[in-house]
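Undergrad: Have a look; sequence and predicted model below, questions after that.
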Amino acid sequence: MTDDMPGRAAQFEGRRGPLAGLLLRNLVFSILTLGIYRFWGRTHVRRFVWRHTVLLDDALEYLGTGGELFIGFLIAVAVLLPVFAAYSLLQFLFADGPDHALLALEILYYLVLFFLVQIAIHRMRRYRLTRTAWRGVRFGLGGSSLAYARIAFGYGLLTAATLGLAYPWMRVATLRYFAQHAYFGTAGLGLAPNPVWLFRRWAAVPGSFAGALGLFAILNFGSLQTIASFIDQELYDTADIVFGFMTYWPLFLLSASFFLWIWYRVVEFRHMAGCLTVGGTSFSSAVRSQFVIGRFFVFALVMFALSALLGSIAFFIAYGAARAGEVEAAVVVVAVFIPVLLVLLFSGIIRILFLDIPLLRHACETLDISNAGALDEVVQASATVPSYGEGTAEALDVGGF
């Protein structure tokens, strides 16, 4: 409910049936074109989602094209290929070298990939914002991809060095950079979150993880010492026997960390929404963590049901082949490979239908906008927009639909 307008501030009006048909069509065409159609298919999905997302009775508009995404992907591949080639060459050169040299190469490679992913995230969000309009006014994102990557990379290393404790500061720093350089027409965005407030909530996540591992170590302290002793003596078979007598139930408590992580992300989302302003307009969110956790359960159940169904079919195919005396490697491979491939192919569709879209709908229904009338004064900015798509993000498979 807004201060100056009755009714719901935002809503998602799309229906699951038409979207499912669109996703299935995109999957078929992508298979037939060896993946090339996915750029156009992704564009169709975004147009569907954008035009069914309504803010203050006006729908969003997606202005991107599949051709832009495809050209961006080709440019990114041309940039990334030398990186992958250099890594492969160095692996070959150091194959017979000392172990620490290979370890250093692996660390360097993944650090470079992490840096490139941050560049991809900035470019992806800049493209999506510049291709999004509302009431005929475009969104946009300035700033530098390299500057953002340096911030994310530095805070990422700090988060790793502190075993995750610095995570809220990393999130605040990266999202604040986006907000400082994002705009809606002539209106700038503002974001002023409190990382200390977030850390007090975030501490429960690494705390529960450390607590579960600590309890496991305490209950198995003697066994772990014995195993270490056997390994030092190269008595690996004896060490394996000791593993069978350890107490493993504390490890099931690690699942609490996952649910606490979902709870924290909901808390963070509500906090960020409450700290966001667009010109003179402010926002608040009442997203419920119970709803989000429930949608993850539904998504997991649907994936489990699909996997169980396809696994059962594979079993009966292999069993039938065995009864017929035709157990060959090809039959077994086909019986296993096809169900696994189908699960992978349909996992993205299931995620969108049973997780992403319900969460988007819930976020819209629980959004509140204050001083919405200030948005009426926003006019179109004249800033330039990128001429091609997300590029590196597509090549590295970063982002959702």
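TA: Nice, thanks for sending it over.

Undergrad: which element is residue 302 on?
TA: helix 289-323 (DSSP states H and E).

Undergrad: and what of residue 189?
TA: Judged by DSSP H and E, residue 189 forms part of strand 187-191.

Undergrad: remind me which residues of the protein are low pLDDT?
TA: 1-7, 236, 239, 242, 318-319, 321-335, 380-401 (pLDDT under 70).

Undergrad: how does it divide up, domain by domain?
TA: 10-197+265-395, 198-264 (automatic domain parsing).

Undergrad: Let's have those domains in JSON lines, adding mean neighbour count.
TA: For glycine as for every other residue, the C-beta is placed from the backbone atoms N, C-alpha and C. Output for these, formatted as JSON lines (neighbours: other Cβ atoms under 10 Å):
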{"stretch": "domain 10-197+265-395", "mean neighbour count": "16"}
{"stretch": "domain 198-264", "mean neighbour count": "14"}
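
Undergrad: Not counting sequence-adjacent ones, nearest residue to residue 70?
TA: residue 39 (4.4 Å; Cβ to Cβ, 6 or more residues apart in numbering).

Undergrad: Give me the phi and psi angles of the one you found.
TA: phi -70, psi -40 (degrees, to the nearest 10).

Undergrad: How about residue 108?
TA: phi -60, psi -40.

Undergrad: distance of the residue nearest to residue 70 from residue 357?
TA: 21 Å (Cβ to Cβ, to the nearest Å).

Undergrad: do residue 290 as well
TA: Taken as Cβ to Cβ, the span from residue 290 to residue 357 is 18 Å.

Undergrad: Same question for residue 284.
TA: From residue 284 to residue 357 the distance is 22 Å (Cβ to Cβ).

Undergrad: In the stretch 51-200 of the chain, what residue spans correspond to helices?
TA: Assigned by DSSP state H, counting those that start in this stretch, the stretch 51-200 of the chain shows helices spanning 66-93, 99-130, 145-161, 167-181, 195-202.

Undergrad: wait, which of those helices is closest to residue 351?
TA: helix 99-130 (17.8 Å; Cβ to Cβ).

Undergrad: Does anything pack onto that closest one? Which helices or strands?
TA: helix 66-93, strand 137-141, helix 145-161, helix 392-395 (3 or more Cβ pairs under 8 Å, 6 or more residues apart in numbering; DSSP states H and E).

Undergrad: would you list these in TSV and tack on distance to residue 349?
TA: Listed next are those as TSV, based on distance: least, Cβ to Cβ, whole Å:
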stretch	distance to residue 349
helix 66-93	18
strand 137-141	27
helix 145-161	30
helix 392-395	18
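
Undergrad: Show me the helices in the stretch 301-401 of the chain, by range?
TA: Under DSSP H, counting those that start in this stretch, the stretch 301-401 of the chain gives helices at 329-351, 357-365, 392-395.

Undergrad: how much space is there between residue 360 and residue 304?
TA: 23 Å.

Undergrad: go on, residue 122?
TA: For residue 122, the distance to residue 304 - Cβ to Cβ - is 36 Å.

Undergrad: Repeat that for residue 237.
TA: 35 Å.

Undergrad: cool, and residue 271?
TA: 33 Å.

Undergrad: who touches residue 272 in this structure?
TA: 175, 191, 193 (Cβ atoms under 8 Å, 6 or more residues apart in numbering).

Undergrad: quick one: which of those is nearest residue 227?
TA: Looking across those and measuring by Cβ to Cβ, the closest to residue 227 is residue 175, at 43.8 Å.

Undergrad: which residues does the closest one contact?
TA: Residue 175 neighbours (Cβ under 8 Å, 6+ apart): 191, 193, 272.

Undergrad: Likewise for residue 193?
TA: 172, 175-176, 271-272, 275.

Undergrad: The strand holding residue 189 to strand 137-141, inter-axis angle?
TA: 50 degrees (axes from the mean of the first three to the mean of the last three Cα atoms, to 10 degrees).

Undergrad: Sheet-wise, list the partners of strand 187-191 with their directions.
TA: Strand 187-191 has these partner strands in its sheet, going by DSSP bridges: strand 182-184 (antiparallel), strand 276-278 (antiparallel).

Undergrad: Same list, the ones you listed, but as TSV with distance to residue 225 please.
TA: Output for the strands paired with strand 187-191, formatted as TSV (distance: least, Cβ to Cβ, whole Å):
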stretch	distance to residue 225
strand 182-184	54
strand 276-278	52
